[in-house]
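**Student:** Coordinates only, no sequence provided:
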């Protein structure tokens with residue numbers, strides 16, 4: 001039965017400032033897992049002194065047991081306030097005063113992991129976006145900034161460590177086995193940045209010097225037994241601090257900065273001021289347990305959360321519609337940080353290649369996850385106009401596309417003016433809660449200081465319009481001129497049928513066919529449209545005439561992926577082969593390979609497995625050329641040899657699609673390449689299979705392993721037992737998780753069911769939760785092409801495994817997200833059983849953790865793109881989820897929008 005309560009939609013246009021500020025907040029927690037007492041003291045005053053006297057003070061609160069309310073020391077009776085299931089309203093509080101509230105909460109019953117909860121006996125908090133209201137009554141909105149002092153009273157035996165934001169100003173024993181710590185955060189912050197941690201922990205700590213020479217204490221706290229996994233996180237934190245100082249001129253502003261890791265966490269990490277709380281997945285790293293990708297992710301996420309100290313904490317969001325203000329900007333910053341770290345210590349050529357590899361990796365994520373979101377029922381601008389449940393808008397659009405919008409501003413302004421814009425942004429808004437418009441305004445001011453004739457007026461459409469623009473490019477070259485015509489279109493998205501043209505920066509070059517060199521760019525007219533190698537494309541159709549081109553050239557467009565668009569170019573297959581071998585932009589070299597592979601796979605899909613087409617021959621030619629080119633770095637070659645993901649292919653197909661058939665089409669090309677170039681892949685593998693060499697995580701070593709393991713995947717795909725034995729030998733000899741997982745993945749995904757290596761892996765790592773997550777994930781992603789394994793049956797068995805629980809978000813994701821979002825050939829099984837299993841688990845998760853359930857519910861976002869037989873089965877399961885009794889607002893919004901897509 002459907003819950004009769006209609007969802008509430010919130011609109012950006014309805015923003016109003018609160019009635020009151022809360023200038024100071026004093027909190028006292030008496031921690032008890034089953035019944036924690038929270039006493040708050042709030043100093044408030046009217047937001048605007050022109051406000052009338054009798055405005056109510058409205059506080060948010062959910063699942064709180066109210067004990068008492070005092071106003072200016074006087075206990076209020078029930079006539080002076082109104083309590084509801086969503087909050088507390090104080091009537092006629094006066095223009096200023098002190099409000100004291102005592103509540104009780106039950107942290108050990110909090111399976112939502114929002115607010116204060118217990119994990120493995122320890123206390124943690126997660127308050128973004130609206131978790132603080134589950135701790136005490138408060139104005140739980142990002143534009144209310146308050147200075148917090150926090151007192152923690154806990155059992156000294158069970159919770160000897162107790163932490164909160166800011167600086168430790170007092171600690172003492174209280175008797176009766178209790179102890180107290182008091183923390184003061186000197187910086188006003190919104191409630192979503194509050195944090196509390198208490199329990200049994202050990203820490204790695206280092207003292208570093210800040211830019212002013214003063215010391216700062218850095219600490220990484222973990223549960224006992226995990227200290228040996230924290231070295232890399234600490235080094236990443238130190239690098240982040242140095243990089244932010246050197247690149248952005250931003251300094252650590254606290255005397256103490258802490259990271260705490262927990263296995264039970266809804267998100268990746270949280271930037272609470274001075275007390276970052278992390279999922280263990282993004283802290284724990286050593287060679288035995290973490291892959292190269294894990295190491296890269298730890299460095300990136302540690303950087304991301306630290307960079308939030310300025311872009312998110314010192315300057316925060318006015319309201320949650322502005323989420324990309326902090327997240328898009330900070331993702332851009334962490335991407336730049338990671339690229340610089342990958343290039344660190346390399347020569348110029350190697351460094352450029354390392355940065356290009358990072359850029360390619362980021363765009364692969366964007367295309368695989370964000371482009372489908374922009375084309376589906378949850379499409380929204382990076383600054384949404386409305387939402388029902390804010391937790392559903394922590395999306396790849398807000399984060400990754402938001403980062404691309406920041407990157408485009410960096411491209412348009414250049415590094416120097418962009419940094420000037422950042423400086424203006426902080427000068428104007430430090431200590432404030434502001435909007436995306438405030439950021440663009442700062443960038444526009446910086447731009448106009450140098451170029452008064454330019455503005456970012458049209459660029460602002462990137463903030464307000466959803467969807468991925470499609471750009472078509474055609475050209476003719478005659479008589480020393482090249483006439484380039486660009487057209488842009490953005491398909492309708494929910495609530496936005498017609499959209500004005502975007503301002504699209506098109507970074508380009510012309511590659512001379514004879515020499516392979518770039519030739520100078522000379523624009524005949526509209527010279528204001530070309531800035532260096534960046535073309536301003538601002539109309540629905542624009543023609544640009546370039547001169548001085550006496551020899552034939554091939555245009556290289558959208559270099560470095562200068563805008564998040566879908567490019568349909570007039571390149572012939574021969575043009576793409578040429579660019580794949582000669583383009584001076586590494587991203588476009590890689591992209592040319594991807595286009596040829598994609599065309600070949602789509603041909604095989606349409607021709608039901610035939611491989612005699614011209615596009616398939618071109619794919620073979622591309623791989624032959626790549627294997628012959630000895631100038632390519634291992635990191636680039638590893639990426640260039642990989643075929644597009646199935647998700648990317650499904651989106652690229654212009655029509656209703658069968659994911660199972662697409663999987664087999666992709667597998668057909670993979671197997672063809674594997675058999676054609678088996679000797680080459682064996683040579684690559686043997687040259688890099690340096691058994692016994694100590695593991696080291698750096699860009700060069702990681703690239704060697706990446707290429708070796710791409711070669712291994714092709715070897716195993718050739719299908720002979722001999723090649724599978726190569727993977728088995730690598731598994732047995734591995735001294736690091738990267739090689740071990742690569743080998744095991746090939747064994748599990750291509751070989752007989754239940755190989756002994758799978759059992760050995762679990763036996764070796766059964767006490768390491770993150771490794772066990774990998775074990776579950778590998779089995780959930782065995783594709784339909786492995787006829788030895790019934791993955792659906794495996795899934796049902798794994799759900800009953802003693803190590804599986806839906807209560808831990810990482811474990812839930814390792815099985816359900818891996819199955820529904822990374823294994824399309826089985827999830828979209830023609831039987832419909834994959835959808836039924838998905839629905840069962842979403843319904844169950846809804847009762848445990850609605851936020852995680854809503855993430856899993858997005859597995860059928862794109863169901864209307866499926867062939868009719870699959871659509872019918874998907875629709876049935878979507879309806880079944882929607883008909884669930886007591887469906888959370890989180891899941892209801894996702895499923896409701898998915899079903900609404902059928903009517904558009």
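**Tutor:** Structure's in. What do you need? None of these values were measured; they are calculated from a predicted model.
**Student:** what's the burial count for residue 215?
**Tutor:** 10 (other Cβ atoms under 10 Å). C-beta: built from backbone N, CA, C; applies to glycine.
**Student:** Please apply the same query to the one 5 residues further on.
**Tutor:** Residue 220 has 29 neighbouring residues, counting by other Cβ under 10 Å.
**Student:** With the one 3 residues further on instead?
**Tutor:** As a burial measure, the neighbour count of residue 223 was computed by other Cβ under 10 Å and equals 19.
**Student:** give the contact list for it.
**Tutor:** By Cβ atoms under 8 Å, 6 or more residues apart in numbering, residue 223 lies in contact with 120, 122, 199-202, 261.
**Student:** And residue 575, by the same measure?
**Tutor:** For residue 575, the contacting residues are residue 554, by Cβ under 8 Å, 6+ apart.
**Student:** Which of the helices or strands spans it?
**Tutor:** helix 573-582 (DSSP states H and E).
**Student:** What residues of that helix count as buried?
**Tutor:** Within helix 573-582, the residues that count as buried by 16 or more other Cβ atoms under 10 Å are 573, 575-582.
**Student:** pLDDT on the longest helix along the chain, on average?
**Tutor:** Scanning the chain for the helix with the most residues, using DSSP state H, yields helix 402-429. In this model, helix 402-429 has a mean pLDDT of 99.
**Student:** what about residue 282, neighbour count?
**Tutor:** Counted with other Cβ under 10 Å, residue 282 comes out at 25.
**Student:** Cross-check the contact I'm expecting between it and residue 303.
**Tutor:** No - counting by Cβ atoms under 8 Å, residue 282 sits too far from residue 303 to count as a contact (10.5 Å).
**Student:** Which among the contacts of residue 223 count as buried?
**Tutor:** Buried, going by 16+ other Cβ under 10 Å: 122, 199, 201, 261, out of the contacts of residue 223.
**Student:** Could you tell me which residues make contact with the third one?
**Tutor:** Spelled out, that is residue 201. Contacts of residue 201 (Cβ under 8 Å, 6+ apart): 122, 161, 221-224, 260.
**Student:** closest to residue 689 among those residues?
**Tutor:** If you rank the contacts of residue 201 by distance to residue 689 using Cβ to Cβ, residue 222 comes first, at 33.9 Å.
**Student:** Compute the first-to-last residue distance for stretch 468-486.
**Tutor:** End-to-end distance of stretch 468-486 (Cα to Cα, to the nearest Å): 16 Å.
**Student:** what does that stretch contact?
**Tutor:** If you take Cβ under 8 Å, 6+ apart as the criterion, stretch 468-486 is touched by 371, 374-375, 487-491, 502, 504, 506, 510, 524, 537, 541-550, 552-553, 555, 557-558, 563-570.
**Student:** Return the members of those residues classed as buried.
**Tutor:** 371, 374-375, 487-488, 490-491, 502, 504, 506, 510, 537, 542, 544, 546, 549, 553, 555, 557-558, 563-567, 569.
**Student:** So which of those residues belong to helices?
**Tutor:** Cross-referencing the buried ones among the contacts of stretch 468-486 against helices under DSSP H gives 371, 374.
**Student:** Mind checking which of the buried ones among the contacts of stretch 468-486 land in strands?
**Tutor:** 487-488, 504, 506, 510, 537, 542, 544, 546, 553, 555, 557, 566-567, 569 (DSSP state E).
**Student:** Quick check on residue 145: phi, psi?
**Tutor:** phi -100, psi 130 (degrees, to the nearest 10).
**Student:** so who does the closest residue to residue 356 other than its chain neighbours touch?
**Tutor:** Spatial nearest neighbour of residue 356, excluding adjacent residues (Cβ to Cβ, 6 or more residues apart in numbering): residue 586 at 3.5 Å. Taking Cβ under 8 Å, 6+ apart, we find residue 586 in contact with 352-353, 356-357, 359-360, 636.
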